[in-house]
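*Asks:* Sequence first, predicted coordinates after that:
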Amino acid sequence: MKPNKEEYEKIQAGIVQFLFDKAEAVSFGEVCEFTKKPESETQYHCDVLRKQRLITSKSVKAGDIFIAGYAITSEGRAVVMEG
């Protein structure tokens, strides 16, 4: 099955906007809930956005432990504000 670039761009823009609106690091699970996509697909989109430096990996406190998460970068905020 051929990837739908328009859909991918929409999902990725949505993730950046989601992180912008949250204004703090969120868990990977929250990003998955937002996208309503499987973890593997959501991870792909997050990897693309990290390579573009629009988001960054962050540890997020969940009770007494830290889990994987993401936060928007200054470049990501500029994309949202100037978009």
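*Replies:* Structure received.

*Asks:* Could you use CA atoms for every contact and neighbour count after this?
*Replies:* Fine.

*Asks:* And the nearest residue in space to Gln17 that is not next to it in sequence, what's its pLDDT?
*Replies:* With sequence-adjacent residues excluded and distances taken as CA to CA, 6 or more residues apart in numbering, Gln17 is closest to Val80, at 6.6 Å. For Val80, the pLDDT comes out at 96.

*Asks:* How about Met1?
*Replies:* pLDDT recorded at Met1 is 60.

*Asks:* Need phi/psi at the residue nearest the centre of the chain.
*Replies:* Using CA atoms, centre = their mean, the residue of the chain that lies closest to the mean C-alpha position is Ile15, 4.3 Å off. The phi and psi values for Ile15, taken as degrees, to the nearest 10, are phi -60, psi -50.

*Asks:* low pLDDT regions in the chain?
*Replies:* In the predicted model, the chain carries pLDDT under 70 at residues 1-2.

*Asks:* what about the helices in it?
*Replies:* All helices of the chain, identified by DSSP state H, fall at 5-22, 28-35, 39-51, 74-82.

*Asks:* which helices and strands sit right next to the last one?
*Replies:* What it means is helix 74-82. Helix 74-82 sits against helix 5-22, with contacts defined as 3 or more CA pairs under 8 Å, 6 or more residues apart in numbering; DSSP states H and E.

*Asks:* Taking helix 28-35 as reference, get the angle to the helix it packs on.
*Replies:* 120 degrees (axes from the mean of the first three to the mean of the last three CA atoms, to 10 degrees).

*Asks:* Can you tell me what sits against helix 5-22?
*Replies:* Here helix 5-22 makes contact (CA atoms under 8 Å, 6 or more residues apart in numbering) with 25-26, 31, 34-35, 45-46, 49, 54-55, 70-72, 76-77, 80.
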